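[1] I would like to see how this sequence folds:
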Amino acid sequence: MLPTTNQLPTLGYVHKVVCDCLGLWNSDNEDVTFHVAATEKDQRAALRQAFEAIKKEDGGYGTLEELISVTTQFAPKETQEVKKSRTIQSYVNHLSKTDFESVDEYRELHQYITVLLSERYSRWGIAELAVNFYISALAHYREFVREFACNTQSQKHSYQYFVSQDLRLLTNVLTRELLPDDTWPDSVRDEPWPMRGFADIASQITGISLHKLHQYHQFQLEGSLNEQAWTRDFTSQQVNTRSKQVIDRLRKHNRMKWETFYPTLQPLTYHLPKAISEKAFAIHAFAAMIAHNLKANVAACGPFEPSAPDSFTHSQIENSHSIPSSNLLELLFNDYPIGDEVFVQQAPNRYQALLDRIRSLPGSLKLAANLPGCLDLVYKLEHKQFIDGAWHASIENSPNWLNEWIQARVALLAGDVQLALTHFKQALEQAMYVAGPLFIPFYIQVCAFCKSQYRLQSARNEEEIFERFYESLGSSAANYAQLIGYTTQHPRDPKTLMPRPTLPLKFRLIIKETDALAKIWLESPQLS
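    Okay, here's the model as predicted:
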């Protein structure tokens, strides 16, 4: 989805943008071998088979230890698949228009893309940067979606801000992590045309002019001379037209491919000073390509003027992290070991700075003083103030999803369950990529509504009514919450098939609040 409406682009759309910025696609229809973990569907089928195996004659089941022992035998193994690179590209293009249906679909494609990146860039020594950017960029976008509540305006500027500021800063952060003792000049970070800036600095460092580089490529047409070509006489040598055209394209808003850009500049590595390795040269070149393609993506959306200068200071880069700040804090809340104490200490300030930046964007709902971040809504239980009360009354030009949510709550108070269901469904459909942190209290209320109706219908032996009318609302809300990262994900242990919840504290808190609200509604005479 293009960023032209009052919602942010979908994760599927941004996923394609990230793949395009990494230059992942070319014209080759290559066979790629993937070692793919078993799907959630296969694991659930094996788990059901294991339960049947330990079922007793009296209808009971064996112990947990017996279940784990049996599932270890039934657990589906990792499979080997051969797919065409164009098949994966088509899948990515399709999801850019339809979005991911679930976090499982996202994980599956995630496996394919990381393998493709490793296959494509291993010989250049830049595969680690490519994979790290792919993983981190999507993690940062999911955080941005979680924390950014959209108003009724077009969100094009907000999206352009994220790409031009957050993702470009991420590129510099990842480069720094791979090259901790980097001696590459800093001025490239301020270059409006990153790839041309890299070419100019590479020329300065090596002492080889771009004109002479073009002549070198012309020499190569006579035969593969490689490094020996630099010993030839360049006087009056003809300039290679193709090489010159590649360099000229670096000042245009069109995406560039690595296989076009890097071979043109790679001959300069013969003249690198000892302080700069060829791998460092390649990493900076690849970072410049990512930054160039990000700028091209921003330009394709229309004119954009950032609210801050389009450059990054040393402190910004040093204080940033490849892991989103909210993700890092949640790891800390759950006692996961974090190696670098400096980043641990900086995490709260980075998170607050993120919230401040987001709230200052013109597309924000502008509840900076009253709308907490996702972490406060969950861990400090501040979601309660948004489930009840008239906090929404002060909002002018409320987004449609918020109006639908309010109507659902009004219907609940009036005891009209069917009308509440209708408004909840419409609110959920419109809240995706719009609600920001407000999705958390909305999600808790949706889950509580579905759970109370399930218990009510079960008590009446009318479970099919729940499955027909309510189940789709709950599953759709849960799928989106997991996809964007509002709720805990439960990847299964591939050997035992038992869920391994990460961030269990967050999971327990949301379940506790959902159960409490469902109990209140279940005991309400209007809804029973």
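
[2] the strands in the protein, which residues?
    31-36, 79-84 (DSSP state E).

[3] where among those strands is average confidence lowest?
    Lowest mean pLDDT within the strands of the chain: strand 31-36, a mean of 69.

[4] picking up where we left off before, mind checking which of the strands of the chain is nearest Leu412?
    With Cβ to Cβ, the closest approach to Leu412 among the strands of the chain belongs to strand 31-36: 43.7 Å. Using the backbone N, CA and C atoms, a C-beta is placed for each residue, glycine as well.

[5] re the thing from before, quick one: which of the strands of the chain is nearest Leu167?
    Here strand 31-36 is closest among the strands of the chain (Cβ to Cβ), at 25.9 Å.

[6] pLDDT wise, what is Cys447 at?
    If you check Cys447, the pLDDT there is 92.

[7] now swap in the one 10 residues further on and tell me
    The predicted local confidence for Gln457 comes out at a pLDDT of 86.

[8] surely it and Phe466 touch.
    Yes: counting by Cβ atoms under 8 Å, Gln457 does reach Phe466; the two are 4.3 Å apart.

[9] list the contacts for the most centrally placed residue in the chain?
    Residue closest to the mean C-alpha point of the chain, counted by Cα atoms, centre = their mean, is Leu138 at 1.8 Å. Shown in contact with Leu138 (Cβ atoms under 8 Å, 6 or more residues apart in numbering): Leu11, Val14, His15, Val18.

[10] re earlier: what would the strands of the chain look like in a markdown table with mean neighbour count and distance to Ala285?
    Listed next are the strands of the chain as a markdown table, based on neighbours: other Cβ atoms under 10 Å; distance: least, Cβ to Cβ, whole Å:
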| stretch | mean neighbour count | distance to Ala285 |
| --- | --- | --- |
| strand 31-36 | 13 | 24 |
| strand 79-84 | 12 | 28 |
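
[11] in TSV, list those along with distance to Ala448.
    Below are the strands of the chain laid out as TSV (distance: least, Cβ to Cβ, whole Å):
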stretch	distance to Ala448
strand 31-36	37
strand 79-84	39
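
[12] tell me which of those sits nearest to Leu272.
    Closest among the strands of the chain, once you apply Cβ to Cβ, is strand 31-36, at 32.6 Å.

[13] now stretch 180-199 - C-alpha only, CSV.
    The C-alpha trace of stretch 180-199 is given here as CSV (Å, rounded to 0.1, in the frame of the first residue of the first chain):
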residue,chain,number,x,y,z
PRO,A,180,34.4,-0.5,15.1
ASP,A,181,37.8,0.9,14.2
ASP,A,182,36.6,2.6,11.1
THR,A,183,38.8,5.3,9.5
TRP,A,184,36.5,6.2,6.6
PRO,A,185,35.9,9.9,6.4
ASP,A,186,32.6,11.1,8.1
SER,A,187,31.6,13.6,5.5
VAL,A,188,29.9,10.9,3.4
ARG,A,189,27.0,10.9,5.9
ASP,A,190,26.0,14.4,4.8
GLU,A,191,26.1,13.7,1.1
PRO,A,192,22.8,14.3,-0.6
TRP,A,193,23.8,11.7,-3.2
PRO,A,194,25.3,8.9,-1.0
MET,A,195,26.7,6.8,-3.9
ARG,A,196,28.3,9.7,-5.7
GLY,A,197,29.6,10.9,-2.4
PHE,A,198,31.2,7.5,-1.8
ALA,A,199,32.7,7.6,-5.3
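
[14] touching that stretch from outside, list them.
    For stretch 180-199, using Cβ under 8 Å, 6+ apart, the contacting residues are 172, 175-176, 201, 204-205, 210, 247, 250-251, 256, 261, 265, 275-276, 280, 284-285, 287-289, 291-292, 295, 310-312, 314.

[15] now those residues: which count as buried?
    When these are checked for burial by 16 or more other Cβ atoms under 10 Å, the buried set is 172, 175-176, 201, 205, 210, 247, 250, 256, 261, 265, 276, 280, 284-285, 287-289, 291-292, 295, 312.

[16] pLDDT weak spots in the stretch 51-200 of the chain?
    Applying pLDDT under 70 to the stretch 51-200 of the chain picks out residues 186-191.

[17] where do the helices sit along it?
    Per DSSP state H, counting those that start in this stretch, the stretch 51-200 of the chain carries helices over the ranges 64-74, 85-98, 103-121, 127-147, 156-161, 168-178, 194-206.

[18] the ones you listed into TSV, with extra columns for distance to Ser360?
    Below are those laid out as TSV (distance: least, Cβ to Cβ, whole Å):
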stretch	distance to Ser360
helix 64-74	50
helix 85-98	29
helix 103-121	30
helix 127-147	13
helix 156-161	10
helix 168-178	16
helix 194-206	26
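
[19] Ile387 is nearest to which of those helices?
    Closest approach to Ile387 among the helices of the stretch 51-200 of the chain (Cβ to Cβ): helix 127-147, 18.2 Å.

[20] the inter-axis angle of the closest one versus helix 103-121?
    Put simply, helix 127-147 runs at 150 degrees to helix 103-121, going by axes from the mean of the first three to the mean of the last three Cα atoms, to 10 degrees.

[21] how far off helix 168-178 does helix 127-147 point, in degrees?
    Using the same axes, to 10 degrees: helix 127-147 against helix 168-178 is 140 degrees.

[22] any idea how far Trp230 lies from Tyr216?
    Here the criterion is Cβ to Cβ, to the nearest Å. By it, Trp230 lies 7 Å from Tyr216.

[23] spit out the residues that contact the two alike.
    By Cβ under 8 Å, 6+ apart, the residues touching both Trp230 and Tyr216 are Pro267.

[24] more neighbours: which of those two?
    Tyr216 (21 against 15; other Cβ atoms under 10 Å).

[25] so who does that one touch?
    Per Cβ under 8 Å, 6+ apart, neighbours of Tyr216: Ala229, Trp230, Phe234, Asn240, Pro267.

[26] model confidence score at it, please.
    At Tyr216, pLDDT is 88.

[27] and what of Val344?
    Reading off the model, Val344 has pLDDT 74.

[28] wouldn't Ala130 be in contact with Phe286 here?
    Yes: with contact defined as Cβ under 8 Å, Ala130 reaches Phe286; the gap is 7.0 Å.

[29] give me the common contacts of these two.
    Joint contacts of Ala130 and Phe286 (Cβ under 8 Å, 6+ apart) are Tyr121.

[30] can you give me the buried ones in stretch 324-343?
    Neighbour-count burial for stretch 324-343, counted by 16+ other Cβ under 10 Å, picks out Pro324, Ser325, Ser326, Asn327, Leu328, Leu329, Glu330, Leu331, Phe343.

[31] start and end of stretch 354-366, how far apart?
    One end of stretch 354-366 sits 14 Å from the other (Cα to Cα, to the nearest Å).

[32] for the chain, longest helix please?
    Taking DSSP state H as the criterion, the chain has its longest helix at helix 278-300.
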